[in-house]
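# Mind folding the following:
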Amino acid sequence: MRKIKVAIVDDHAHFRKSIKMALAIEPAIEVILEAKNGKELIDQLPAHHPDVILMDIQMPVMDGIEATKAVMATYPHLKIIALSLFDNELNIVKMNALGVKSFIPKEDAVVLPKAINIVHEGGVYLPNEVAAKLQTYLSTTVAKTLPVDFTDAELNLIRMIVQGKTSRQIGGKIFRSHRTVEGLREKLYQKLQITNKQQLVVLATKWGLG
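As a prediction, the model looks like this:
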C-alpha cells in the first residue's frame, strides 16, 4: 500500500516534532518534508513530492498565504491543510480564496490522521468553528455588495437551491415542510423578479453566492 506523503511547514521546531511523532504511528502516512517557513518549503519541493501539505499561516520570511500562492501556481495538484491558530478570520478567508478548503486548529491536532486521509481522497475537512467564521465573514462581505437586501435565511436558501437541493432536502435542513420551502422559494423568485431556478443560478453566480 502506497503511503500518503506529508509535508509539515511550521516555524516552531517543537510543534513540527510533535506532529511528526503523532503521525509516525500511522502506517498509511509518512512525513517526507519539514520546513520552518514557506521559502524553505518552496526550495525543497522540486526534490520531494508530498501528497498533502500541513501549512501554518503565520510564519516569518514567507507566511502560509504567500507560500500557498506559490505552491498552487506551480503544483496545483497538491492538497493543502491550513494548520494554525484561527484567531484571525481574514487569514481563514484568504486561504479559502486561494483554494484551501481544509483547516485544523493547532490545539485539535489529534484529528490530523483523519483529516489527511479525507483530504488525500479529495474531500474537505472543515471544523464547525472554522466553518462558522467563514460563513459569518463571507455573508457579511457579500451582503455589502449585493444589489438586493437579503436576510440571512434568504441567502441560505439561495445557496441550497444553487447547490441542487430539493425542497424536501432544504426543509430537512431548516426544519420546515417541503410545501413551506416551496412557498419561500416562490417569494424569493418574486423578490428577484425571476421565474425559475436557472435564472436564480445565473444571478447567484454573478453575485458570488454559488
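
# For Lys101, grab the count of nearby residues.
17 (other CB atoms under 10 Å). The C-beta positions use only the backbone N, C-alpha and C, and glycine is treated the same way.

# Nearest spatial neighbour of it, chain-adjacent residues omitted?
In space, and not counting its chain neighbours, Lys101 is closest to Val124: 4.4 Å by CB to CB, 6 or more residues apart in numbering.

# wait, what's in contact with the one you found?
If you count contacts by CB atoms under 8 Å, 6 or more residues apart in numbering, Val124 has them with Lys101, Ser102, Ile118.

# ok, the second one touching Leu126?
I take that to be Ser102. Yes. With contacts counted by CB atoms under 8 Å, Ser102 reaches Leu126, the gap being 6.5 Å.

# Could you check which of these two has the larger neighbour count?
Neighbour tally, Ser102 and Leu126, criterion other CB under 10 Å: the higher count belongs to Ser102, 23 against 17.

# Let me know the distance separating that one from Ile116.
Separation of Ser102 from Ile116 (CB to CB, to the nearest Å): 9 Å.

# just to revisit the earlier point, ramachandran angles for the residue nearest to Lys101?
Backbone torsions of Val124, given as degrees, to the nearest 10, read phi -130, psi 140.

# Give me the pLDDT for it.
If you check Val124, the pLDDT there is 87.

# Tell me the helix or strand right after the lowest-mean-pLDDT helix or strand in the chain.
Every helix and strand in the chain was compared by mean pLDDT, DSSP states H and E; the lowest is helix 128-145, with a mean of 67. Per DSSP states H and E, helix 128-145 leads on to helix 152-162 as the next helix or strand towards the C-terminus.

# So Ala97 versus Met72, what's the distance?
Taken as CB to CB, the span from Ala97 to Met72 is 11 Å.

# between these two, who's got more neighbours?
Applying other CB under 10 Å to Ala97 and Met72 shows that Met72 carries more neighbours, namely 15 against 11.

# Wait, that one touches Gly99, no?
Yes. The pair Met72 / Gly99 is scored as a contact, 5.9 Å apart, by CB under 8 Å.

# Quickly list what's touching both of these two.
Contacts common to Met72 and Gly99, judged by CB under 8 Å, 6+ apart, are Ile80.

# Mind putting the contacts of Val124 into TSV with secondary structure and distance to Leu112?
Output for the contacts of Val124, formatted as TSV (DSSP: H, G, I helix; E, B strand; the rest coil; distance: CB to CB, whole Å):
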residue	secondary structure	distance to Leu112
Lys101	coil	16
Ser102	strand	11
Ile118	helix	11
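
# of these, closest to Glu34?
Distance to Glu34 across the contacts of Val124 (CB to CB) is lowest for Ser102, with 19.7 Å.

# Could you check the pLDDT of that closest one?
90.

# Which neighbouring residues are in contact with it, exactly?
Lys79, Ile80, Ile81, Ala82, Ala115, Ile118, Val119, Val124, Tyr125, Leu126.
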